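*Asks:* got a sequence here, can you model it:
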Amino acid sequence: MKKLVLAAAVVAMTAGSAFAADMSVKAIKAPPPPPFEPWDFAFGSALMNDYVFRGVTQSNHKPSVAAYFEPRYNINKDVQLYIGAAGESISFPNRAAAEIDIYGGIRPTVGMFAFDFGVWGYLYPGGQCFNAAAFPGSGIPGSELGCILNGNLPFNGNVAKKNASFYEGYAKVNVTLNDQWQVGANEYYSPNFLNLGAWGNYASLTAKWTAPGTTFGTSGVGMYISGEFGRQWLGTSDAFYGVVSPLGNFAAGVPEPSYNTWNVGVGFTYKVFTLDLRYSDTNLSKASCNVFTSDYTTRNFNTAFITPTNPGGFGSNWCGATGIVKLSADLTAMTNLK
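*Replies:* The predicted structure follows:
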(Lines give C-alpha, C1' and ligand atoms only; values in the text may rest on other atoms or scores of the structure.)
Protein backbone atom coordinates (compact mmCIF):
# COMPACT_ATOMS: atom_id res chain seq x y z
CA MET A 1 0.00 0.00 0.00
CA LYS A 2 2.88 2.33 0.87
CA LYS A 3 4.47 1.64 -2.50
CA LEU A 4 1.21 2.45 -4.26
CA VAL A 5 0.86 5.76 -2.42
CA LEU A 6 4.48 6.66 -3.17
CA ALA A 7 4.05 5.89 -6.86
CA ALA A 8 0.92 8.02 -7.05
CA ALA A 9 2.76 10.88 -5.37
CA VAL A 10 5.61 10.64 -7.88
CA VAL A 11 3.18 10.68 -10.82
CA ALA A 12 1.35 13.66 -9.38
CA MET A 13 4.59 15.58 -8.85
CA THR A 14 5.80 14.79 -12.35
CA ALA A 15 2.53 15.81 -13.93
CA GLY A 16 2.51 18.99 -11.88
CA SER A 17 6.04 19.88 -12.96
CA ALA A 18 5.23 19.26 -16.60
CA PHE A 19 2.10 21.35 -16.35
CA ALA A 20 3.99 24.15 -14.63
CA ALA A 21 6.67 24.09 -17.30
CA ASP A 22 4.03 24.14 -20.01
CA MET A 23 2.33 27.07 -18.37
CA SER A 24 5.57 29.03 -18.09
CA VAL A 25 6.30 28.59 -21.82
CA LYS A 26 2.85 29.78 -22.79
CA ALA A 27 3.09 32.73 -20.45
CA ILE A 28 6.16 34.20 -22.22
CA LYS A 29 5.09 36.35 -25.17
CA ALA A 30 7.41 37.01 -28.09
CA PRO A 31 8.50 40.65 -28.32
CA PRO A 32 6.54 42.59 -30.92
CA PRO A 33 8.38 43.19 -34.20
CA PRO A 34 9.92 46.64 -34.57
CA PRO A 35 7.56 49.07 -36.27
CA PHE A 36 8.02 49.30 -40.04
CA GLU A 37 9.39 52.69 -41.02
CA PRO A 38 8.36 53.48 -44.60
CA TRP A 39 10.15 56.85 -44.81
CA ASP A 40 13.88 57.37 -44.76
CA PHE A 41 16.37 59.73 -46.35
CA ALA A 42 20.03 59.49 -47.23
CA PHE A 43 22.47 62.36 -47.51
CA GLY A 44 26.18 62.92 -47.74
CA SER A 45 29.10 64.84 -49.17
CA ALA A 46 32.48 64.19 -50.72
CA LEU A 47 35.80 65.84 -51.46
CA MET A 48 37.94 64.50 -54.32
CA ASN A 49 41.10 65.53 -56.11
CA ASP A 50 39.45 64.92 -59.52
CA TYR A 51 35.82 64.43 -60.55
CA VAL A 52 35.91 61.66 -63.18
CA PHE A 53 32.77 60.48 -64.98
CA ARG A 54 33.10 57.35 -67.12
CA GLY A 55 36.81 57.84 -67.45
CA VAL A 56 36.67 61.54 -68.41
CA THR A 57 37.49 64.36 -66.00
CA GLN A 58 34.66 66.80 -65.37
CA SER A 59 36.80 69.18 -63.32
CA ASN A 60 39.86 69.67 -65.57
CA HIS A 61 41.85 67.34 -63.26
CA LYS A 62 41.27 69.75 -60.37
CA PRO A 63 39.66 69.14 -56.96
CA SER A 64 35.88 68.91 -56.74
CA VAL A 65 33.30 68.89 -53.95
CA ALA A 66 29.98 67.06 -54.05
CA ALA A 67 26.84 66.64 -51.95
CA TYR A 68 23.52 64.82 -52.26
CA PHE A 69 20.14 64.43 -50.57
CA GLU A 70 17.83 61.47 -51.27
CA PRO A 71 14.36 60.95 -49.71
CA ARG A 72 13.20 57.32 -49.81
CA TYR A 73 9.85 55.60 -49.37
CA ASN A 74 9.81 51.88 -48.61
CA ILE A 75 6.62 50.29 -49.91
CA ASN A 76 7.75 47.16 -48.08
CA LYS A 77 11.09 45.63 -47.10
CA ASP A 78 11.77 44.65 -50.74
CA VAL A 79 10.61 47.68 -52.75
CA GLN A 80 11.86 51.24 -52.37
CA LEU A 81 10.91 54.42 -54.23
CA TYR A 82 13.34 57.34 -54.22
CA ILE A 83 14.05 60.80 -55.57
CA GLY A 84 17.23 62.76 -55.14
CA ALA A 85 19.25 65.86 -55.82
CA ALA A 86 23.03 66.16 -56.01
CA GLY A 87 25.63 68.73 -56.94
CA GLU A 88 29.29 68.70 -57.96
CA SER A 89 31.78 71.43 -58.78
CA ILE A 90 33.07 71.13 -62.36
CA SER A 91 35.07 72.90 -65.06
CA PHE A 92 33.21 72.47 -68.36
CA PRO A 93 33.97 73.55 -71.95
CA ASN A 94 31.02 75.98 -71.79
CA ARG A 95 32.51 77.36 -68.52
CA ALA A 96 29.72 75.96 -66.35
CA ALA A 97 31.09 75.63 -62.82
CA ALA A 98 28.48 73.30 -61.30
CA GLU A 99 26.59 70.13 -62.15
CA ILE A 100 23.14 69.73 -60.61
CA ASP A 101 21.62 66.25 -60.72
CA ILE A 102 17.93 65.47 -60.32
CA TYR A 103 17.00 61.80 -60.31
CA GLY A 104 14.42 59.28 -59.19
CA GLY A 105 13.39 55.66 -59.54
CA ILE A 106 12.50 52.37 -57.90
CA ARG A 107 14.70 49.73 -56.22
CA PRO A 108 13.14 46.26 -56.01
CA THR A 109 15.01 43.42 -54.31
CA VAL A 110 14.43 39.77 -55.16
CA GLY A 111 16.57 37.44 -53.09
CA MET A 112 20.21 38.12 -53.91
CA PHE A 113 19.29 40.49 -56.77
CA ALA A 114 18.99 44.22 -56.03
CA PHE A 115 17.57 46.12 -59.03
CA ASP A 116 17.47 49.85 -59.68
CA PHE A 117 15.43 51.52 -62.45
CA GLY A 118 15.16 55.26 -62.93
CA VAL A 119 15.85 58.50 -64.78
CA TRP A 120 18.78 60.84 -64.12
CA GLY A 121 18.91 64.46 -65.25
CA TYR A 122 22.22 66.37 -65.51
CA LEU A 123 21.93 70.17 -65.43
CA TYR A 124 24.81 72.58 -66.07
CA PRO A 125 23.70 76.14 -65.23
CA GLY A 126 25.78 79.18 -66.07
CA GLY A 127 27.14 77.95 -69.39
CA GLN A 128 28.27 80.16 -72.29
CA CYS A 129 28.17 79.57 -76.04
CA PHE A 130 31.44 79.38 -77.99
CA ASN A 131 31.19 79.13 -81.78
CA ALA A 132 31.92 82.05 -84.10
CA ALA A 133 29.91 80.38 -86.88
CA ALA A 134 26.79 79.90 -84.74
CA PHE A 135 25.06 83.24 -85.18
CA PRO A 136 21.31 83.83 -85.20
CA GLY A 137 19.87 82.74 -88.51
CA SER A 138 22.79 80.46 -89.37
CA GLY A 139 20.63 77.38 -88.91
CA ILE A 140 23.22 75.79 -86.63
CA PRO A 141 21.59 74.16 -83.57
CA GLY A 142 22.25 76.11 -80.39
CA SER A 143 22.98 79.36 -82.26
CA GLU A 144 22.51 82.59 -80.35
CA LEU A 145 24.00 86.05 -80.32
CA GLY A 146 26.26 85.21 -77.37
CA CYS A 147 28.13 82.65 -79.46
CA ILE A 148 29.96 85.39 -81.34
CA LEU A 149 29.84 88.27 -78.84
CA ASN A 150 31.47 86.78 -75.74
CA GLY A 151 34.93 87.45 -77.20
CA ASN A 152 36.47 84.54 -75.34
CA LEU A 153 36.79 81.84 -77.98
CA PRO A 154 39.38 79.33 -76.77
CA PHE A 155 42.86 79.39 -78.26
CA ASN A 156 42.42 75.90 -79.71
CA GLY A 157 39.20 76.80 -81.54
CA ASN A 158 37.05 74.20 -79.75
CA VAL A 159 33.36 75.08 -79.59
CA ALA A 160 30.75 74.49 -76.88
CA LYS A 161 27.02 74.99 -76.51
CA LYS A 162 25.61 77.17 -73.76
CA ASN A 163 23.31 74.34 -72.77
CA ALA A 164 24.97 70.97 -72.11
CA SER A 165 22.16 69.52 -69.99
CA PHE A 166 20.75 66.06 -70.76
CA TYR A 167 19.03 63.08 -69.17
CA GLU A 168 19.46 59.30 -69.12
CA GLY A 169 17.26 56.34 -68.32
CA TYR A 170 19.01 53.55 -66.47
CA ALA A 171 18.67 49.97 -65.27
CA LYS A 172 21.06 48.38 -62.79
CA VAL A 173 21.38 45.11 -60.91
CA ASN A 174 23.67 44.19 -58.04
CA VAL A 175 24.04 40.53 -57.08
CA THR A 176 25.19 39.63 -53.56
CA LEU A 177 26.89 36.25 -53.90
CA ASN A 178 27.91 36.01 -50.23
CA ASP A 179 29.11 38.21 -47.38
CA GLN A 180 32.22 39.19 -49.31
CA TRP A 181 31.44 39.16 -53.03
CA GLN A 182 29.12 41.31 -55.15
CA VAL A 183 28.88 41.65 -58.92
CA GLY A 184 26.73 43.99 -60.99
CA ALA A 185 25.68 45.24 -64.40
CA ASN A 186 24.59 48.74 -65.48
CA GLU A 187 22.88 50.17 -68.54
CA TYR A 188 22.29 53.89 -69.29
CA TYR A 189 20.76 55.46 -72.39
CA SER A 190 20.37 59.08 -73.47
CA PRO A 191 18.79 60.30 -76.73
CA ASN A 192 21.01 63.39 -76.63
CA PHE A 193 24.16 62.88 -74.58
CA LEU A 194 25.58 66.16 -73.19
CA ASN A 195 23.26 67.92 -75.67
CA LEU A 196 25.76 67.06 -78.41
CA GLY A 197 22.95 65.99 -80.70
CA ALA A 198 24.30 62.43 -80.46
CA TRP A 199 22.66 59.53 -78.68
CA GLY A 200 24.66 57.84 -75.95
CA ASN A 201 24.58 54.34 -74.53
CA TYR A 202 26.72 53.19 -71.59
CA ALA A 203 26.98 49.61 -70.29
CA SER A 204 29.31 48.28 -67.63
CA LEU A 205 30.13 45.33 -65.39
CA THR A 206 31.23 45.76 -61.77
CA ALA A 207 32.72 43.60 -59.03
CA LYS A 208 33.40 44.23 -55.35
CA TRP A 209 35.17 42.21 -52.65
CA THR A 210 34.59 43.24 -49.03
CA ALA A 211 37.17 42.16 -46.48
CA PRO A 212 36.01 40.26 -43.38
CA GLY A 213 35.01 42.52 -40.53
CA THR A 214 37.87 41.20 -38.39
CA THR A 215 40.59 42.19 -40.88
CA PHE A 216 41.57 45.20 -38.75
CA GLY A 217 40.63 43.65 -35.44
CA THR A 218 38.18 45.61 -33.32
CA SER A 219 39.13 48.99 -34.79
CA GLY A 220 35.89 49.30 -36.75
CA VAL A 221 37.80 49.89 -39.99
CA GLY A 222 36.50 48.05 -43.05
CA MET A 223 38.06 47.53 -46.46
CA TYR A 224 36.95 46.68 -49.98
CA ILE A 225 38.40 46.31 -53.46
CA SER A 226 36.20 47.15 -56.44
CA GLY A 227 36.40 47.69 -60.16
CA GLU A 228 34.35 48.46 -63.26
CA PHE A 229 34.72 47.93 -66.98
CA GLY A 230 32.40 49.91 -69.27
CA ARG A 231 31.75 50.85 -72.86
CA GLN A 232 30.39 54.25 -73.92
CA TRP A 233 28.79 54.20 -77.37
CA LEU A 234 28.05 57.55 -79.04
CA GLY A 235 26.23 58.60 -82.19
CA THR A 236 26.84 61.58 -84.49
CA SER A 237 26.69 65.14 -83.19
CA ASP A 238 24.57 67.87 -84.71
CA ALA A 239 25.91 70.62 -86.97
CA PHE A 240 27.03 72.82 -84.05
CA TYR A 241 30.07 70.57 -83.69
CA GLY A 242 30.50 69.95 -87.41
CA VAL A 243 33.91 70.42 -89.08
CA VAL A 244 35.03 70.78 -92.68
CA SER A 245 38.62 70.26 -93.81
CA PRO A 246 40.57 68.82 -96.74
CA LEU A 247 40.50 65.54 -94.80
CA GLY A 248 36.73 65.27 -94.66
CA ASN A 249 33.39 67.06 -94.70
CA PHE A 250 31.49 66.68 -91.45
CA ALA A 251 29.49 69.88 -91.66
CA ALA A 252 26.30 68.09 -90.62
CA GLY A 253 27.93 66.61 -87.52
CA VAL A 254 30.93 64.68 -86.25
CA PRO A 255 30.84 60.96 -85.43
CA GLU A 256 31.54 61.08 -81.71
CA PRO A 257 34.20 58.54 -80.66
CA SER A 258 32.92 55.53 -78.72
CA TYR A 259 35.35 54.19 -76.14
CA ASN A 260 36.12 51.74 -73.34
CA THR A 261 36.73 52.83 -69.78
CA TRP A 262 37.81 51.03 -66.64
CA ASN A 263 38.68 51.71 -63.03
CA VAL A 264 39.93 49.74 -60.04
CA GLY A 265 40.50 50.83 -56.49
CA VAL A 266 40.62 50.08 -52.79
CA GLY A 267 38.45 51.70 -50.14
CA PHE A 268 38.58 52.00 -46.36
CA THR A 269 35.48 52.60 -44.27
CA TYR A 270 35.01 53.83 -40.72
CA LYS A 271 31.53 54.52 -39.39
CA VAL A 272 30.00 56.91 -41.97
CA PHE A 273 33.29 57.76 -43.70
CA THR A 274 34.87 56.21 -46.79
CA LEU A 275 38.33 56.86 -48.23
CA ASP A 276 38.49 55.56 -51.81
CA LEU A 277 41.76 55.36 -53.79
CA ARG A 278 41.15 54.60 -57.47
CA TYR A 279 42.86 54.34 -60.85
CA SER A 280 40.79 55.30 -63.92
CA ASP A 281 41.56 55.21 -67.65
CA THR A 282 40.09 54.97 -71.17
CA ASN A 283 41.30 53.85 -74.59
CA LEU A 284 40.58 57.25 -76.18
CA SER A 285 43.49 58.85 -78.01
CA LYS A 286 44.32 62.48 -77.23
CA ALA A 287 42.85 63.49 -80.62
CA SER A 288 39.61 61.60 -80.05
CA CYS A 289 39.42 62.96 -76.52
CA ASN A 290 39.63 66.48 -77.91
CA VAL A 291 36.78 65.76 -80.35
CA PHE A 292 34.56 64.34 -77.61
CA THR A 293 35.24 66.83 -74.80
CA SER A 294 35.89 70.12 -76.66
CA ASP A 295 38.58 70.71 -74.05
CA TYR A 296 38.95 74.48 -73.82
CA THR A 297 42.24 74.33 -71.86
CA THR A 298 44.49 72.29 -74.12
CA ARG A 299 47.35 73.88 -76.03
CA ASN A 300 48.85 70.52 -76.87
CA PHE A 301 49.30 70.67 -80.66
CA ASN A 302 50.91 67.91 -82.67
CA THR A 303 50.60 67.02 -86.32
CA ALA A 304 50.05 63.42 -85.15
CA PHE A 305 46.76 64.60 -83.62
CA ILE A 306 45.36 65.78 -86.97
CA THR A 307 42.49 63.52 -88.06
CA PRO A 308 39.44 63.99 -90.30
CA THR A 309 37.31 64.81 -87.25
CA ASN A 310 40.08 66.71 -85.42
CA PRO A 311 41.62 68.91 -88.15
CA GLY A 312 42.92 71.47 -85.64
CA GLY A 313 45.57 69.04 -84.41
CA PHE A 314 45.04 69.62 -80.69
CA GLY A 315 45.06 66.75 -78.21
CA SER A 316 43.40 66.58 -74.80
CA ASN A 317 44.49 64.73 -71.66
CA TRP A 318 40.99 64.84 -70.13
CA CYS A 319 40.44 61.14 -70.97
CA GLY A 320 43.77 59.64 -69.92
CA ALA A 321 44.97 57.70 -66.90
CA THR A 322 44.37 59.41 -63.59
CA GLY A 323 44.41 58.65 -59.90
CA ILE A 324 41.41 59.62 -57.78
CA VAL A 325 41.41 60.18 -54.04
CA LYS A 326 37.91 60.61 -52.62
CA LEU A 327 36.82 61.14 -49.01
CA SER A 328 33.09 60.86 -48.47
CA ALA A 329 30.53 60.71 -45.67
CA ASP A 330 27.20 58.93 -46.18
CA LEU A 331 24.34 58.79 -43.70
CA THR A 332 20.73 57.65 -43.49
CA ALA A 333 18.16 59.03 -41.06
CA MET A 334 16.97 55.64 -39.76
CA THR A 335 20.52 54.44 -39.10
CA ASN A 336 22.48 57.52 -38.06
CA LEU A 337 19.95 60.02 -36.70
CA LYS A 338 17.72 57.86 -34.49
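*Asks:* tell me, how many residues neighbour Pro32?
*Replies:* 6 (other C-beta atoms under 10 Å). (C-beta placed from N, C-alpha, C; glycine too.)
*Asks:* nope, Ala321 is what I meant
*Replies:* 10.
*Asks:* how about the contacts made by it?
*Replies:* 279-281 (C-beta atoms under 8 Å, 6 or more residues apart in numbering).
*Asks:* those in strands, which ones?
*Replies:* Taking DSSP state E, the ones among the contacts of Ala321 that sit in strands are 279-281.
*Asks:* partner residues bridging the spatially most central residue of the chain?
*Replies:* In the chain, the residue lying closest to the centroid (C-alpha atoms, centre = their mean) is Phe53, at 8.0 Å. Beta-bridge partners for Phe53, by DSSP bridges, are Val56.
*Asks:* need the pLDDT of it.
*Replies:* The pLDDT attached to Phe53 in the predicted structure is 98.
*Asks:* repeat that for the one 3 residues further on.
*Replies:* The per-residue pLDDT reported for Val56 equals 98.
*Asks:* enumerate every residue touching it.
*Replies:* Contacts for Val56 (C-beta under 8 Å, 6+ apart) come out as 261, 282, 289, 292-293, 318-319.
*Asks:* at 10 Å instead, please
*Replies:* The contact partners of Val56, by C-beta atoms under 10 Å, 6 or more residues apart in numbering, come to 232, 259, 261, 280, 282, 284, 289, 292-293, 295, 316, 318-320, 322.
*Asks:* helices - which of the residues you listed land there?
*Replies:* 289, 292-293 (DSSP state H).
*Asks:* let me have those residues in a markdown table, extended by neighbour count and distance to Met112.
*Replies:* Listed next are these as a markdown table, based on neighbours: other C-beta atoms under 10 Å; distance: C-beta to C-beta, whole Å:
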| residue | neighbour count | distance to Met112 |
| --- | --- | --- |
| Cys289 | 25 | 39 |
| Phe292 | 29 | 37 |
| Thr293 | 24 | 39 |
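*Asks:* buried ones among the contacts of Val56?
*Replies:* Buried members of the contacts of Val56, counted by 16 or more other C-beta atoms under 10 Å: 232, 259, 261, 280, 282, 284, 289, 292-293, 295, 316, 318-320, 322.
*Asks:* from the residues you listed, which is closest to Ala86?
*Replies:* Nearest to Ala86 among these is Ser280, at 19.5 Å by C-beta to C-beta.
*Asks:* need the nearest residue in space to the closest one, chain neighbours excluded.
*Replies:* Once flanking residues are discounted, Ser280 sits nearest to Asn263: 4.1 Å by C-beta to C-beta, 6 or more residues apart in numbering.
*Asks:* correct me if wrong: that neighbour contacts Ala207.
*Replies:* No: the pair Asn263 and Ala207 fails to qualify as a contact (C-beta atoms under 10 Å) at a distance of 11.5 Å.
*Asks:* identify the contacts common to these two.
*Replies:* Joint contacts of Asn263 and Ala207 (C-beta under 10 Å, 6+ apart) are 226-229.
*Asks:* now, those that are in strands?
*Replies:* 226-229.
*Asks:* dump those to CSV, plus distance to Tyr103.
*Replies:* Converted to CSV, those look like this (distance: C-beta to C-beta, whole Å):
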residue, distance to Tyr103
Ser226, 22
Gly227, 24
Glu228, 19
Phe229, 23
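*Asks:* which one of the residues you listed is nearest Met334?
*Replies:* Of all these, Ser226 has the smallest distance to Met334: 25.2 Å, by C-beta to C-beta.
*Asks:* re the thing from before, who's in contact with the residue nearest to the centre of the chain?
*Replies:* 59, 88, 90, 99, 122, 261, 280.
*Asks:* which among these gets closest to Leu337?
*Replies:* Glu88 (24.4 Å).
*Asks:* okay, now Val173: neighbour count?
*Replies:* 15.
*Asks:* which residues does it bridge with?
*Replies:* Going by DSSP bridges, Val173 forms beta bridges with Phe115, Ala185.
*Asks:* do Asp330 as well
*Replies:* Gly44.
*Asks:* in this structure it contacts Thr274, no?
*Replies:* Yes: applying C-beta under 10 Å, one finds Asp330 in contact with Thr274, separated by 6.9 Å.
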